[in-house]
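Undergrad: Sequence below, structure please.
(one chain, ligands or ions: 1)
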Amino acid sequence: MSKKEIISKIQEFDTIIIHRHVRPDPDAYGSQAGLAEIIKSSFPDKRVYIVGKEDPSLRFLTELDDIGDEVYEDALVIVCDTANQERICDERFNRGKCLIKIDHHPNVDPYGDVMWVDTSASSVSEMIYELYLAGREEGLTLNDRAARLIYAGIVGDTGRFLFPSTTPKTFQYAAELVQYDFDRKELYNQLYNTKHNIARLKGFILQNFTVSENGLSSVKITKNVLDEYGVSSEETSQLVGLLGDIEGIIAWVFFVEEPDVIRVRLRSKGPVVNEIAAHYNGGGHPMAAGASITKWEEAEEVIQDLEQACKHFNQENE
Ligand code: AMP
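TA: Below you'll find the predicted structure:
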(Lines give C-alpha, C1' and ligand atoms only; values in the text may rest on other atoms or scores of the structure.)
Protein backbone atom coordinates (compact mmCIF):
# COMPACT_ATOMS: atom_id res chain seq x y z
CA MET A 1 0.00 0.00 0.00
CA SER A 2 2.66 2.54 0.98
CA LYS A 3 4.64 1.72 -2.15
CA LYS A 4 1.67 2.71 -4.32
CA GLU A 5 1.14 5.84 -2.22
CA ILE A 6 4.79 6.78 -2.61
CA ILE A 7 4.62 6.26 -6.37
CA SER A 8 1.53 8.42 -6.67
CA LYS A 9 3.18 11.18 -4.60
CA ILE A 10 6.22 11.01 -6.89
CA GLN A 11 3.89 11.33 -9.88
CA GLU A 12 2.05 14.25 -8.27
CA PHE A 13 4.99 16.54 -7.36
CA ASP A 14 7.21 18.44 -9.78
CA THR A 15 9.95 19.08 -7.22
CA ILE A 16 11.34 16.22 -5.16
CA ILE A 17 14.12 16.55 -2.57
CA ILE A 18 15.72 13.43 -1.12
CA HIS A 19 17.49 13.33 2.25
CA ARG A 20 19.29 10.60 4.23
CA HIS A 21 21.06 10.19 7.56
CA VAL A 22 24.07 12.02 8.96
CA ARG A 23 27.40 10.19 8.70
CA PRO A 24 26.30 8.49 5.49
CA ASP A 25 27.24 4.99 4.42
CA PRO A 26 26.89 3.37 0.98
CA ASP A 27 23.24 2.42 1.66
CA ALA A 28 22.37 5.99 2.64
CA TYR A 29 23.98 7.34 -0.54
CA GLY A 30 22.80 4.41 -2.69
CA SER A 31 19.14 4.64 -1.68
CA GLN A 32 19.04 8.43 -1.82
CA ALA A 33 20.80 8.83 -5.15
CA GLY A 34 19.42 5.58 -6.63
CA LEU A 35 15.88 6.80 -6.03
CA ALA A 36 16.76 10.19 -7.52
CA GLU A 37 18.10 8.49 -10.67
CA ILE A 38 14.94 6.37 -11.00
CA ILE A 39 12.74 9.48 -10.75
CA LYS A 40 14.92 11.49 -13.14
CA SER A 41 15.00 8.77 -15.77
CA SER A 42 11.26 8.11 -15.42
CA PHE A 43 10.11 11.75 -15.36
CA PRO A 44 12.73 13.93 -17.08
CA ASP A 45 10.68 17.10 -16.48
CA LYS A 46 10.69 16.84 -12.70
CA ARG A 47 13.27 18.66 -10.59
CA VAL A 48 14.97 16.14 -8.35
CA TYR A 49 17.63 17.00 -5.77
CA ILE A 50 19.73 15.02 -3.31
CA VAL A 51 20.94 16.91 -0.26
CA GLY A 52 23.10 16.45 2.84
CA LYS A 53 26.66 16.98 3.97
CA GLU A 54 29.07 15.35 1.59
CA ASP A 55 31.29 12.50 2.73
CA PRO A 56 34.45 12.75 0.59
CA SER A 57 35.08 9.00 0.89
CA LEU A 58 31.75 8.35 -0.89
CA ARG A 59 32.11 10.96 -3.61
CA PHE A 60 32.79 8.18 -6.12
CA LEU A 61 29.14 7.17 -5.76
CA THR A 62 27.57 10.54 -6.51
CA GLU A 63 27.80 14.26 -6.00
CA LEU A 64 25.17 16.08 -3.96
CA ASP A 65 23.08 19.14 -4.80
CA ASP A 66 23.32 22.50 -3.10
CA ILE A 67 19.83 24.03 -3.04
CA GLY A 68 18.24 27.16 -1.61
CA ASP A 69 15.48 27.14 1.01
CA GLU A 70 12.89 28.34 -1.53
CA VAL A 71 13.11 25.03 -3.41
CA TYR A 72 11.29 23.36 -0.51
CA GLU A 73 8.15 25.49 -0.91
CA ASP A 74 6.15 23.12 -3.10
CA ALA A 75 8.34 20.10 -2.79
CA LEU A 76 7.87 16.47 -1.91
CA VAL A 77 10.58 15.48 0.58
CA ILE A 78 11.64 11.84 0.87
CA VAL A 79 13.97 10.69 3.65
CA CYS A 80 15.82 7.42 3.11
CA ASP A 81 17.45 5.11 5.66
CA THR A 82 16.87 7.29 8.75
CA ALA A 83 14.95 5.97 11.76
CA ASN A 84 14.65 9.19 13.72
CA GLN A 85 14.32 12.84 12.83
CA GLU A 86 17.43 13.91 14.80
CA ARG A 87 19.59 11.82 12.49
CA ILE A 88 18.27 13.29 9.24
CA CYS A 89 21.02 15.19 7.49
CA ASP A 90 19.93 18.76 6.61
CA GLU A 91 17.26 19.97 9.00
CA ARG A 92 15.19 21.54 6.24
CA PHE A 93 13.48 18.16 5.67
CA ASN A 94 10.31 19.53 7.35
CA ARG A 95 9.89 22.45 5.00
CA GLY A 96 8.28 20.66 2.06
CA LYS A 97 4.58 20.13 1.29
CA CYS A 98 4.67 16.42 1.97
CA LEU A 99 7.15 14.18 3.82
CA ILE A 100 7.82 10.50 3.15
CA LYS A 101 9.92 8.14 5.28
CA ILE A 102 11.47 5.05 3.65
CA ASP A 103 13.50 2.98 6.10
CA HIS A 104 14.52 -0.46 7.31
CA HIS A 105 15.38 0.31 10.95
CA PRO A 106 12.91 -0.36 13.78
CA ASN A 107 10.30 2.39 13.55
CA VAL A 108 11.25 4.21 16.77
CA ASP A 109 10.13 7.61 15.44
CA PRO A 110 7.21 7.34 13.03
CA TYR A 111 7.56 10.65 11.18
CA GLY A 112 6.17 11.79 7.83
CA ASP A 113 2.84 11.88 5.99
CA VAL A 114 3.58 8.57 4.30
CA MET A 115 5.79 5.90 5.83
CA TRP A 116 7.21 2.71 4.41
CA VAL A 117 9.28 0.83 6.97
CA ASP A 118 10.40 -2.72 6.32
CA THR A 119 12.75 -4.08 8.99
CA SER A 120 13.11 -7.33 7.03
CA ALA A 121 14.82 -5.49 4.14
CA SER A 122 18.60 -5.91 4.01
CA SER A 123 18.98 -2.27 3.05
CA VAL A 124 16.94 0.71 1.96
CA SER A 125 18.56 0.32 -1.46
CA GLU A 126 16.82 -3.07 -1.70
CA MET A 127 13.53 -1.29 -0.89
CA ILE A 128 14.18 1.29 -3.59
CA TYR A 129 14.60 -1.52 -6.12
CA GLU A 130 11.33 -2.97 -4.85
CA LEU A 131 9.68 0.42 -5.29
CA TYR A 132 10.87 0.43 -8.89
CA LEU A 133 9.42 -3.07 -9.42
CA ALA A 134 6.10 -1.93 -7.95
CA GLY A 135 6.01 1.11 -10.21
CA ARG A 136 7.25 -0.35 -13.48
CA GLU A 137 3.75 -0.50 -14.90
CA GLU A 138 3.11 3.10 -13.88
CA GLY A 139 6.13 4.31 -15.79
CA LEU A 140 9.09 3.94 -13.42
CA THR A 141 12.31 3.13 -15.23
CA LEU A 142 15.73 2.20 -13.92
CA ASN A 143 18.89 3.37 -15.66
CA ASP A 144 22.45 2.04 -15.32
CA ARG A 145 23.42 4.74 -12.84
CA ALA A 146 20.51 3.83 -10.56
CA ALA A 147 21.45 0.15 -10.79
CA ARG A 148 25.05 0.90 -9.77
CA LEU A 149 23.97 3.03 -6.80
CA ILE A 150 21.38 0.57 -5.54
CA TYR A 151 23.76 -2.34 -5.95
CA ALA A 152 26.43 -0.45 -3.97
CA GLY A 153 23.93 0.20 -1.17
CA ILE A 154 22.92 -3.46 -0.98
CA VAL A 155 26.56 -4.61 -0.99
CA GLY A 156 27.44 -2.08 1.72
CA ASP A 157 24.64 -2.87 4.13
CA THR A 158 24.86 -6.65 3.76
CA GLY A 159 28.65 -6.72 4.22
CA ARG A 160 28.95 -8.15 0.70
CA PHE A 161 25.98 -10.50 1.18
CA LEU A 162 27.42 -11.86 4.44
CA PHE A 163 25.07 -10.60 7.15
CA PRO A 164 21.94 -12.62 8.06
CA SER A 165 19.81 -9.73 6.76
CA THR A 166 20.68 -11.05 3.29
CA THR A 167 17.63 -12.97 1.98
CA PRO A 168 16.77 -14.84 -1.22
CA LYS A 169 15.12 -11.58 -2.34
CA THR A 170 18.41 -9.72 -1.84
CA PHE A 171 20.24 -12.18 -4.08
CA GLN A 172 17.39 -12.08 -6.61
CA TYR A 173 17.54 -8.28 -6.86
CA ALA A 174 21.34 -8.28 -6.96
CA ALA A 175 21.23 -10.78 -9.82
CA GLU A 176 18.87 -8.47 -11.72
CA LEU A 177 20.94 -5.37 -10.94
CA VAL A 178 24.25 -6.77 -12.19
CA GLN A 179 22.69 -7.18 -15.61
CA TYR A 180 22.77 -3.41 -16.02
CA ASP A 181 25.78 -1.76 -17.56
CA PHE A 182 28.12 -0.63 -14.77
CA ASP A 183 31.66 -1.57 -13.83
CA ARG A 184 31.26 -3.90 -10.84
CA LYS A 185 34.99 -4.50 -10.47
CA GLU A 186 35.69 -0.79 -10.27
CA LEU A 187 32.82 -0.30 -7.82
CA TYR A 188 34.24 -2.96 -5.47
CA ASN A 189 37.69 -1.35 -5.74
CA GLN A 190 36.22 1.98 -4.74
CA LEU A 191 34.09 0.58 -1.92
CA TYR A 192 36.87 -1.50 -0.36
CA ASN A 193 39.97 0.52 -1.09
CA THR A 194 41.83 0.70 2.26
CA LYS A 195 44.19 3.55 3.06
CA HIS A 196 47.53 2.62 4.65
CA ASN A 197 46.80 4.38 7.95
CA ILE A 198 43.51 2.51 8.32
CA ALA A 199 45.19 -0.80 7.49
CA ARG A 200 47.80 -0.10 10.19
CA LEU A 201 45.12 0.78 12.75
CA LYS A 202 43.39 -2.49 11.86
CA GLY A 203 46.68 -4.21 12.61
CA PHE A 204 46.89 -2.47 15.99
CA ILE A 205 43.36 -3.56 16.90
CA LEU A 206 43.96 -7.15 15.80
CA GLN A 207 47.17 -7.26 17.85
CA ASN A 208 45.51 -5.93 20.99
CA PHE A 209 41.90 -7.12 21.19
CA THR A 210 40.73 -9.13 24.19
CA VAL A 211 37.69 -11.40 24.63
CA SER A 212 35.75 -11.76 27.88
CA GLU A 213 34.54 -15.12 29.17
CA ASN A 214 31.05 -14.22 27.89
CA GLY A 215 32.37 -13.60 24.37
CA LEU A 216 32.47 -9.80 24.39
CA SER A 217 35.26 -7.76 22.91
CA SER A 218 35.57 -4.03 23.50
CA VAL A 219 37.96 -1.66 21.76
CA LYS A 220 38.65 1.87 22.95
CA ILE A 221 39.97 4.19 20.27
CA THR A 222 41.05 7.34 22.04
CA LYS A 223 41.81 10.65 20.37
CA ASN A 224 45.51 9.88 20.88
CA VAL A 225 45.20 6.64 18.93
CA LEU A 226 43.28 8.38 16.11
CA ASP A 227 45.96 11.09 15.96
CA GLU A 228 48.80 8.60 16.05
CA TYR A 229 47.39 6.70 13.07
CA GLY A 230 46.02 9.77 11.27
CA VAL A 231 42.53 8.27 11.10
CA SER A 232 39.32 10.30 11.45
CA SER A 233 36.44 9.16 13.62
CA GLU A 234 34.26 8.77 10.49
CA GLU A 235 36.82 6.40 9.03
CA THR A 236 36.48 4.05 12.01
CA SER A 237 33.30 2.77 10.34
CA GLN A 238 35.73 0.75 8.20
CA LEU A 239 37.13 -0.99 11.29
CA VAL A 240 34.01 -2.15 13.07
CA GLY A 241 33.48 -5.35 11.09
CA LEU A 242 37.00 -6.48 11.91
CA LEU A 243 36.21 -8.59 14.97
CA GLY A 244 33.20 -10.37 13.45
CA ASP A 245 34.99 -13.52 12.37
CA ILE A 246 37.24 -14.04 15.38
CA GLU A 247 36.69 -17.25 17.31
CA GLY A 248 34.69 -16.85 20.50
CA ILE A 249 33.50 -13.28 19.93
CA ILE A 250 29.69 -13.06 19.91
CA ALA A 251 29.37 -9.30 20.44
CA TRP A 252 31.77 -6.41 20.16
CA VAL A 253 31.84 -2.71 20.76
CA PHE A 254 34.06 0.14 19.55
CA PHE A 255 34.30 3.35 21.54
CA VAL A 256 35.63 6.20 19.43
CA GLU A 257 36.61 9.45 21.13
CA GLU A 258 35.43 12.59 19.33
CA PRO A 259 35.82 16.21 20.47
CA ASP A 260 32.39 16.35 22.18
CA VAL A 261 31.23 12.75 22.55
CA ILE A 262 32.43 9.19 22.62
CA ARG A 263 30.79 7.36 19.74
CA VAL A 264 29.73 3.81 20.49
CA ARG A 265 29.46 1.26 17.69
CA LEU A 266 27.93 -2.07 18.69
CA ARG A 267 27.85 -5.27 16.67
CA SER A 268 26.61 -8.76 17.48
CA LYS A 269 26.21 -12.29 16.22
CA GLY A 270 23.48 -13.17 18.75
CA PRO A 271 22.75 -10.91 21.72
CA VAL A 272 20.41 -8.04 20.87
CA VAL A 273 22.37 -4.77 21.06
CA ASN A 274 20.03 -2.02 19.83
CA GLU A 275 18.09 -2.05 23.12
CA ILE A 276 21.35 -1.36 24.95
CA ALA A 277 22.17 1.38 22.42
CA ALA A 278 18.77 2.94 23.12
CA HIS A 279 19.76 3.39 26.79
CA TYR A 280 22.71 5.48 25.67
CA ASN A 281 21.07 7.92 23.33
CA GLY A 282 21.21 5.65 20.32
CA GLY A 283 19.49 2.90 18.40
CA GLY A 284 19.82 0.87 15.22
CA HIS A 285 19.31 -2.75 14.21
CA PRO A 286 19.22 -5.68 16.67
CA MET A 287 22.70 -6.84 15.55
CA ALA A 288 24.26 -3.47 14.51
CA ALA A 289 23.62 -0.36 16.51
CA GLY A 290 25.19 2.91 17.57
CA ALA A 291 25.04 5.30 20.51
CA SER A 292 26.92 8.16 22.08
CA ILE A 293 28.22 8.76 25.60
CA THR A 294 30.12 11.65 27.12
CA LYS A 295 32.45 10.05 29.69
CA TRP A 296 34.75 7.05 29.65
CA GLU A 297 33.10 5.84 32.90
CA GLU A 298 29.91 5.37 30.89
CA ALA A 299 31.84 3.07 28.55
CA GLU A 300 32.25 0.70 31.50
CA GLU A 301 28.47 0.74 31.98
CA VAL A 302 27.91 -0.08 28.31
CA ILE A 303 30.41 -2.93 28.64
CA GLN A 304 28.60 -4.26 31.74
CA ASP A 305 25.25 -4.18 29.91
CA LEU A 306 26.76 -5.99 26.96
CA GLU A 307 28.38 -8.60 29.25
CA GLN A 308 24.94 -9.30 30.75
CA ALA A 309 23.35 -9.59 27.29
CA CYS A 310 26.10 -12.00 26.18
CA LYS A 311 25.74 -14.05 29.38
CA HIS A 312 21.96 -14.40 28.94
CA PHE A 313 22.41 -15.27 25.30
CA ASN A 314 24.94 -17.99 26.18
CA GLN A 315 22.68 -19.40 28.91
CA GLU A 316 19.71 -19.52 26.56
CA ASN A 317 21.74 -21.20 23.84
CA GLU A 318 23.60 -23.77 25.95
P1 AMP B 1 27.26 2.54 12.63
O2 AMP B 1 28.06 1.95 13.72
O3 AMP B 1 27.36 4.03 12.56
O4 AMP B 1 27.52 1.87 11.32
O5 AMP B 1 25.72 2.28 12.97
C6 AMP B 1 25.14 1.02 13.00
C7 AMP B 1 23.65 1.13 12.99
O8 AMP B 1 23.21 1.83 14.15
C9 AMP B 1 23.11 1.92 11.81
O10 AMP B 1 21.99 1.22 11.30
C11 AMP B 1 22.71 3.24 12.36
O12 AMP B 1 21.55 3.70 11.74
C13 AMP B 1 22.44 2.97 13.82
N14 AMP B 1 22.92 4.08 14.66
C15 AMP B 1 24.20 4.48 14.81
N16 AMP B 1 24.29 5.52 15.65
C17 AMP B 1 23.03 5.80 16.06
C18 AMP B 1 22.44 6.78 16.92
N19 AMP B 1 23.18 7.68 17.57
N20 AMP B 1 21.09 6.75 17.06
C21 AMP B 1 20.34 5.84 16.44
N22 AMP B 1 20.83 4.89 15.61
C23 AMP B 1 22.14 4.86 15.41
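Undergrad: how about the residues of this structure that lie near the ligand?
TA: Counting by C-beta under 6 Å from any ligand atom, the positions of the chain adjacent to the ligand are 87, 105, 237, 240, 265, 282-285, 288-292. Using the backbone N, CA and C atoms, a C-beta is placed for each residue, glycine as well.
Undergrad: How about the secondary structure of Gly284?
TA: On the three-state scheme (DSSP: H, G, I helix; E, B strand; the rest coil), Gly284 is labelled strand.
Undergrad: ugh, wrong one, I meant Ser217
TA: Strictly by three-state DSSP, Ser217 counts as strand.
Undergrad: That one: what's it in contact with?
TA: 209-211, 243, 246, 249, 251-253 (C-beta atoms under 8 Å, 6 or more residues apart in numbering).
Undergrad: returning to that earlier point: and the least confident of the residues of the chain next to the ligand?
TA: Least confident entry in the residues of the chain next to the ligand, by pLDDT: Ser237, with 91.
Undergrad: What residues does that one make contact with?
TA: With C-beta under 8 Å, 6+ apart, Ser237 has these contacts: 23, 25, 265.
Undergrad: my guess is Tyr49 is in a strand, correct?
TA: Yes: the assignment for Tyr49 is a strand, going by three-state DSSP.
Undergrad: Show me what counts as buried in the longest helix along the chain.
TA: Secondary structure assigned by DSSP state H gives helix 296-316 as the longest helix of the chain. Within helix 296-316, the residues that qualify as buried are 298-299, 302-303, 305-307, 309-311, 313, counting by 16 or more other C-beta atoms under 10 Å.
Undergrad: And the furthest pair within the residues you listed?
TA: The span of the buried residues of helix 296-316, defined through C-beta to C-beta, is set by Glu298 and Phe313 at 22.5 Å.
Undergrad: what ranges do the helices span in this structure?
TA: Going by DSSP H, the chain shows helices at 2-12, 26-42, 124-135, 144-157, 168-177, 184-192, 196-208, 223-229, 274-279, 296-316.
Undergrad: Of all these, which one comes closest to Pro110?
TA: helix 2-12 (12.1 Å).
Undergrad: and that closest one with helix 124-135, angle?
TA: 80 degrees (axes from the mean of the first three to the mean of the last three C-alpha atoms, to 10 degrees).
Undergrad: tilt between helix 2-12 and helix 26-42?
TA: Here the directions of helix 2-12 and helix 26-42 differ by 50 degrees (the same axes, to 10 degrees).
Undergrad: which outside residues touch the helix or strand of the chain with the lowest mean pLDDT?
TA: Using mean pLDDT, DSSP states H and E, the weakest-scoring helix or strand in the chain turns out to be strand 283-285, at a mean of 95. Strand 283-285 has contacts (C-beta under 8 Å, 6+ apart) with 83-84, 105-106, 108, 119, 165, 266, 273-274, 277, 289-291.
Undergrad: Adjacent strands (with direction) for it?
TA: Strand 283-285 pairs in its sheet with strand 288-293 (antiparallel), by DSSP bridges.
Undergrad: First-to-last residue distance for stretch 279-290?
TA: One end of stretch 279-290 sits 11 Å from the other (C-alpha to C-alpha, to the nearest Å).
Undergrad: hang on, isn't Leu76 packed against Ile7?
TA: No: under the criterion of C-beta atoms under 8 Å, Leu76 is not in contact with Ile7, lying 11.6 Å apart.
Undergrad: Next, count neighbours for the residue nearest to Ile67 when sequence neighbours are not counted.
TA: Distances taken as C-beta to C-beta, 6 or more residues apart in numbering put Tyr49 closest to Ile67, at 5.1 Å, once the chain neighbours are dropped. Neighbour count of Tyr49, defined by other C-beta atoms under 10 Å: 18.
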